[in-house]
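In: sequence below, structure please.
(one chain, ligands or ions: 1)
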Amino acid sequence: MPHRFPALIAAPAPGQGRLWLTGARLFDGTGGQVRDDAAVLVEDGVIRRVGRASEPCPEGARPLDVGQRTIMPGLVEAHTHIMSETPRTPRGAEPFLPGTPAHFLQAELREFLRMGVTTVRFTGAQAELPQEARQAMRYGAFRGPRLLTCGKIISVTAPGGRFYGTMYREADGPDDMRRAVREQIRAGADFIKVMTTGARSNELEDPDPLQLTAAELAAVADEAHRMGYRLCAHAEGNAGSEAAITSGADTIEHGIFLHQRPDLLDAMAGNGQVLVPTLSGYYWMAGLGEVIDPATAQRAPEMPPALVELADINLKNGTASMRAARDAGVKIALGSDKEVCAGLEIQRMIFHGLTPVQALVAATSTAAQALGLAGHVGTVEEGKLADLLIVDGDPLAAPGLLADPARIWLVLQLGVPVAGQALEREIPGPPGPGPDLSQQAAAVLPG
Ligand SMILES: [Zn+2]
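Out: Modelled structure (predicted):
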């Protein structure tokens with residue numbers, strides 16, 4: 001039996017009544033093309049029916065003509081972190097107070113929602129920042145994405161424990177591993193994350209070997225699954241990937257060299273295990289900035305040269321692994337390993353070989369499956385939660401629009417309009433070019 005997701009329990013209040021989104025094109029997240037003349041009936045925060053724009057507005061529903069824009073599922077970011085980074089202060093400026101990073105996190109969560117990301121899985125964070133932010137959102141302090149957390153990442157005692165603040169729970173021996181899993185469940189985790197190998201973002205760890213013993217990994221996997229929690233495994237080299245796959249991890253994060261092991265990819269496909277390729281993380285570590293095509297970058301690396309060199313190797317192999325996984329029929333979920341850049345990650349996945357449909361499915365329905373939330377989010381279908389994104393244009397023909405705030409027209413969370421261009425009303429002034437969105441926004445604003 002699956003556990004209760006703290007992320008679902010903490011949902012804010014859903015929209016009340018019926019909303020008829022009409023005059024739409026539709027990308028439903030299941031893998032088909034964008035289709036025309038669609039309409040979606042939302043009732044009390046849930047998608048009640050997908051219909052045709054030619055139908056009359058259903059009884060008692062408030063109509064909203066979306067003007068031939070595309071309705072799609074809210075994006076799902078399956079791999080990112082809370083580093084609680086704050087801007088660098090000038091020398092002599094007052095140091096940050098202990099509570100200040102939480103405000104920066106709130107700003108980041110608002111930004112996720114503004115860019116159409118309605119669900120985020122944090123695969124590592126500082127202290128209890130995700131749980132605290134989630135609690136604040138539950139009671140209406142601000143709006144942000146549905147938020148899943150692993151609590152702390154479970155790792156053996158390793159150099160990484162010194163690099164990432166409070167992100168790790170180091171554990172050694174099967175009993176301590178089991179206890180570490182229980183601690184995360186106690187702290188409100190939605191899933192369990194384990195490090196099977198070192199991390200490529202610190203100079204003291206390597207992609208190989210397998211970092212924990214078979215007995216330790218078995219204890220983590222057994223305790224997580226016994227309690228109904230999904231297991232997310234950080235795995236860089238193939239020793240870690242193999243152990244993660246054979247121990248039944250539900251998602252394999254990075255899996256950089258899996259193209260060298262077709263047998264492992266076949267096993268993943270057969271078991272329904274999901275690969276999260278995290279390309280944007282490699283771009284960042286290689287100092288490639290915001291580009292899609294690495295060849296066009298003006299490099300500005302922030303890491304030591306050895307790690308930058310490693311990032312280039314990882315990008316080359318990680319993209320080959322993603323393509324091989326796709327060819328082997330492995331499910332692929334979007335995970336950028338960076339803050340608010342799902343739109344960029346989608347374009348990078350396409351640049352490195354996925355079709356636009358494959359990349360958008362990775363960012364919606366497959367990412368929802370990776371999280372164990374496929375029954376709730378990730379597609380525009382009857383019975384799913386009305387976490388919807390309405391964009392200007394066709395995201396399959398022009399995926400770049402998903403990284404452009406001006407093209408993110410409206411974001412609905414449980415049927416409530418919560419972000420987007422349509423809600424950002426211009427201060428009245430002399431008439432200018434472009435459509436007047438404010439009247440349409442007024443139609444969906446509460447009260
Ligand atoms: Zn990560």
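
In: looking at this, Asp37 is in a strand?
Out: Yes: assessed with DSSP: H, G, I helix; E, B strand; the rest coil, Asp37 lies in a strand.

In: so what's it closest to, chain neighbours aside?
Out: In this structure, Asp37 finds its nearest non-sequential neighbour in Ala53, 4.4 Å apart by C-beta to C-beta, 6 or more residues apart in numbering. Glycine gets a C-beta too; all of them are placed from N, C-alpha and C.

In: isn't the one you found up against Leu41?
Out: No: Ala53 is beyond contact range of Leu41, at 11.9 Å (criterion: C-beta atoms under 8 Å).

In: list the contacts of the residue nearest to Asp37.
Out: Each residue near Ala53 by C-beta atoms under 8 Å, 6 or more residues apart in numbering is listed here: 22-24, 37-39.

In: quick check, pLDDT for it.
Out: In this model, Ala53 is scored at 96, pLDDT.

In: so what's the residue nearest the centre of the chain up against?
Out: The centroid of the chain falls nearest to Glu77 when counting by C-alpha atoms, centre = their mean (0.8 Å). Applying C-beta under 8 Å, 6+ apart to Glu77 gives the contacts 112, 117, 119-121, 145, 334-336, 342, 367.

In: now do the strands in the stretch 1-150 of the chain.
Out: Ranges of strands in the stretch 1-150 of the chain, per DSSP state E, counting those that start in this stretch, are 18-26, 35-43, 46-52, 61-65, 70-73, 75-82, 117-125, 146-149.

In: the nearest residue to Arg323 once chain neighbours are set aside and Met72, how far apart?
Out: For Arg323, ignoring the flanking residues on the chain, the nearest one in space by C-beta to C-beta, 6+ apart is Gly353 at 4.3 Å. Distance from Gly353 to Met72, counting by C-beta to C-beta, to the nearest Å: 22 Å.

In: counting neighbours, go ahead and name the busier of those two.
Out: Comparing Gly353 with Met72 by other C-beta atoms under 10 Å, the one with more neighbours is Met72, at 26 against 15.

In: domain assignment for the chain?
Out: Annotated domains of the chain cover 11-73+379-444, 75-87+99-371 [automatic domain parsing].

In: still on that earlier bit, looking at the strands of the stretch 1-150 of the chain, which is closest to Leu373?
Out: Closest of those to Leu373 is strand 117-125, at 6.9 Å (criterion: C-beta to C-beta).

In: ok and the closest one relative to strand 75-82, angle-wise?
Out: 30 degrees (axes from the mean of the first three to the mean of the last three C-alpha atoms, to 10 degrees).

In: before we move on, the earlier item: quick one: residues contacting the residue nearest to Arg323.
Out: 319, 322-323, 326.

In: sorry, back to before: can the contacts of Glu77 go into JSON lines with extra columns for distance to Ala215, pLDDT and neighbour count?
Out: Formatted as JSON lines, the contacts of Glu77 follow (distance: C-beta to C-beta, whole Å; pLDDT from 0 to 100; neighbours: other C-beta atoms under 10 Å):
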{"residue": "Phe112", "distance to Ala215": "38", "pLDDT": "97", "neighbour count": "26"}
{"residue": "Val117", "distance to Ala215": "38", "pLDDT": "98", "neighbour count": "31"}
{"residue": "Thr119", "distance to Ala215": "34", "pLDDT": "98", "neighbour count": "27"}
{"residue": "Val120", "distance to Ala215": "33", "pLDDT": "98", "neighbour count": "29"}
{"residue": "Arg121", "distance to Ala215": "28", "pLDDT": "98", "neighbour count": "31"}
{"residue": "Pro145", "distance to Ala215": "37", "pLDDT": "98", "neighbour count": "29"}
{"residue": "Leu334", "distance to Ala215": "33", "pLDDT": "98", "neighbour count": "28"}
{"residue": "Gly335", "distance to Ala215": "29", "pLDDT": "98", "neighbour count": "31"}
{"residue": "Ser336", "distance to Ala215": "34", "pLDDT": "97", "neighbour count": "28"}
{"residue": "Ala342", "distance to Ala215": "37", "pLDDT": "97", "neighbour count": "26"}
{"residue": "Ala367", "distance to Ala215": "32", "pLDDT": "98", "neighbour count": "33"}
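
In: report the distance from stretch 183-198 to the chain centre.
Out: Put simply, stretch 183-198 sits 17 Å off its chain's centre (C-alpha atoms, centre = their mean, to the nearest Å).

In: and that stretch, what's buried?
Out: Using 16 or more other C-beta atoms under 10 Å as the test for burial, stretch 183-198 gives 184-185, 187-198.

In: can you check stretch 119-139 too?
Out: 119-131, 133-134, 136-137.

In: list phi and psi for Ala267.
Out: phi -60, psi -40 (degrees, to the nearest 10).

In: for it, give its distance to Gly248.
Out: Ala267 is 11 Å from Gly248, by C-beta to C-beta.

In: got it, and Leu210?
Out: As judged by C-beta to C-beta, Leu210 and Gly248 stand 15 Å apart.

In: out of those two, which sits in the more crowded spot?
Out: Between Leu210 and Gly248, Leu210 has the larger neighbour count (other C-beta under 10 Å), namely 19 against 16.

In: contacts only, for the more buried one.
Out: 196-197, 217, 239-240, 243.

In: recalculate using a threshold of 7 Å.
Out: The neighbourhood of Leu210, defined by C-beta atoms under 7 Å, 6 or more residues apart in numbering, consists of 196-197, 239-240, 243.

In: also Pro174?
Out: Neighbour list for Pro174: 215-216, 219 [criterion: C-beta under 7 Å, 6+ apart].

In: and what of Leu414?
Out: 11-12, 14-15, 45, 385-387.

In: of the residues you listed - the most surrounded one?
Out: With neighbours taken as other C-beta under 10 Å, the top of the contacts of Leu414 is Asp387, carrying 31 neighbours.

In: that one and Gly74 touch, don't they?
Out: Yes: contact criterion C-beta atoms under 7 Å: Asp387 and Gly74 qualify, at 3.9 Å.

In: quick check: neighbours shared by those two?
Out: 118-119, 377.

In: closest to Thr278 out of the residues you listed?
Out: Thr119 (16.9 Å).

In: what about that closest one, distance to Leu389?
Out: From Thr119 across to Leu389, the span is 11 Å (C-beta to C-beta).

In: need the residues touching each of those two.
Out: Counting by C-beta under 7 Å, 6+ apart, the residues touching both Thr119 and Leu389 are Gly74.

In: so can I have JSON lines of the strands of the stretch 1-150 of the chain showing distance to Ala286?
Out: Below are the strands of the stretch 1-150 of the chain laid out as JSON lines (distance: least, C-beta to C-beta, whole Å):
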{"stretch": "strand 18-26", "distance to Ala286": "36"}
{"stretch": "strand 35-43", "distance to Ala286": "39"}
{"stretch": "strand 46-52", "distance to Ala286": "40"}
{"stretch": "strand 61-65", "distance to Ala286": "43"}
{"stretch": "strand 70-73", "distance to Ala286": "30"}
{"stretch": "strand 75-82", "distance to Ala286": "18"}
{"stretch": "strand 117-125", "distance to Ala286": "20"}
{"stretch": "strand 146-149", "distance to Ala286": "28"}
